[in-house]
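Student: Sequence isn't available, so here's the structure alone:
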């Protein structure tokens with residue numbers, strides 16, 4: 001049975017399309033970082049590390065729940081869900097990589113079966129209707145709860161620095177959180193192809209994605225808000241599922257639909273709030289603002305944090321990345337930095353300089369992108 005389930009995973013077009021999307025997102029991220037900062041922030045392999053872990057652990061725990069509950073769907077439902085989800089992933093936009101849209105479409109088709117004449121698809125829709133609303137609630141609840149956990153504990157790791165333009169044409173820094181997590185979920189279908197089993201296990205290869213531009217706060221802050229919102233919706237869905245064993249919930253179909261709609265509205269609310277907040281990564285009167293530091297660089301060794309700004313180098317006032325580089329050339333082989341943290345407090349960082357040190361000590365500043373051909377998005 002385990003081999004059969006694995007074959008359903010490998011035979012799913014959704015699984016392979018997800019791998020293509022992951023490769024595309026990784027390559028475009030590296031290309032953008034090099035065009036803006038002359039160097040990539042991290043290896044393309046990092047997307048693959050986050051793709052597998054820790055989401056696979058959460059998938060195993062969730063699959064244990066579905067196996068214990070013997071969560072069953074029909075073959076027609078599995079095929080329809082896979083096709084719809086594959087179309088979503090083909091957009092190459094991770095913000096859509098969640099089961100809400102496929103579930104919403106399937107649920108809507110079933111609810112309208114007494115109103116809409118589906119013609120040749122009538123038998124197919126009848127097979128979709130055999131899947132109870134509790135399966136929708138359980139699937140949504142488990143996947144969304146896993147997403148909430150991943151957003152909080154894995155989302156802020158290795159975000160990607162970027163540059164954008166303000167409404168006034170000023171350069172602003174930000175961080176892009178664009179990630180795909182792999183969440184294979186085990187469910188059951190009735191026996192097919194003459195197999196003499198009570199139920200056949202299959203694996204639904206569900207990709208969970210997030211795409212968020214953080215300018216008004218650090219990425220961890222925005223992701224924590226989104227995580228809380230997702231967790232509340234997940235717990236409501238799982239609560240409805242649990243209550244269904246003891247009570248007949250009135251208007252439950254509309255409650256489930258409302259949860260699906262609120263899922264998307266929460267993300268839009270957080271994005272709108274972020275755009276309306278004063279940017280964190282913007283040059284002003286506080287020196288050269290740090291967007292990020294390269295791994296294993298002097299900037300990382302000095303524990304310089306995104307959002308901080310370097311105000312002085314050996315007493316020389318800094319206004320941006322270019323003046324920082326000029327000050328470094330004047331004050332070799334030893335530097336003392338005055339750094340303003342996010343609270344406006346000053347701390348001192350000092351270090352010897354060496355010929356092998358990277359350009360600007362591996363510090364990425366807010367400023368004009370390296371490549372003049374790169375197109376910056378507007379806030």
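Tutor: Nice, thanks for sending it over. Not measured: the values here are computed from a predicted model.
Student: make it CA atoms for all contacts and neighbour counts henceforth
Tutor: Fine.
Student: Give me the three-state assignment for the residue nearest the centre of the chain.
Tutor: To find the centre residue of the chain, average its C-alpha atoms and take the closest one (CA atoms, centre = their mean): that gives residue 210, at 2.2 Å. Per DSSP: H, G, I helix; E, B strand; the rest coil, the local secondary structure of residue 210 is strand.
Student: Quick check: it touching residue 97?
Tutor: Yes - taking CA atoms under 8 Å as the definition, residue 210 is a contact partner of residue 97 at 7.3 Å.
Student: before we move on, the earlier item: from residue 159, how far off is the residue nearest to the centre of the chain?
Tutor: Applying CA to CA, to the nearest Å, one obtains 12 Å for the distance of residue 210 from residue 159.
Student: what's the overlap in contacts for the two?
Tutor: Common contacts of residue 210 and residue 159 (CA atoms under 8 Å, 6 or more residues apart in numbering): 177, 178.
Student: can you give me the strands for the stretch 251-379 of the chain?
Tutor: 288-293, 309-313, 316-317, 334-340, 346-352, 363-365 (DSSP state E, counting those that start in this stretch).
Student: Quick check: which helices or strands does the first one pack against?
Tutor: The helices and strands touching strand 288-293, judged by 3 or more CA pairs under 8 Å, 6 or more residues apart in numbering; DSSP states H and E, are strand 160-165, strand 171-189, strand 309-313, strand 363-365.
Student: can you state the direction angle for that strand and strand 334-340?
Tutor: With axes from the mean of the first three to the mean of the last three CA atoms, to 10 degrees applied, the angle from strand 288-293 to strand 334-340 works out at 100 degrees.
Student: Could you do the second one as well?
Tutor: Here strand 309-313 runs at 140 degrees with respect to strand 334-340, directions being taken by the same axes, to 10 degrees.
Student: I'd like the mean pLDDT over strand 309-313, please.
Tutor: The pLDDT scores in strand 309-313 average 89.
Student: Can you check what angle separates it from strand 346-352?
Tutor: Calculated by the same axes, to 10 degrees, strand 309-313 forms an angle of 60 degrees with strand 346-352.
Student: partner strands of strand 309-313, parallel or antiparallel?
Tutor: Taking DSSP bridges as the criterion, strand 309-313 pairs within the sheet with strand 288-293 (antiparallel), strand 316-317 (antiparallel), strand 334-340 (antiparallel).
Student: related to what we said a few turns ago, in TSV, list the strands of the stretch 251-379 of the chain along with distance to residue 5 and mean neighbour count.
Tutor: Formatted as TSV, these follow (distance: least, CA to CA, whole Å; neighbours: other CA atoms under 10 Å):
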stretch	distance to residue 5	mean neighbour count
strand 288-293	43	28
strand 309-313	53	25
strand 316-317	63	16
strand 334-340	55	19
strand 346-352	56	13
strand 363-365	46	27
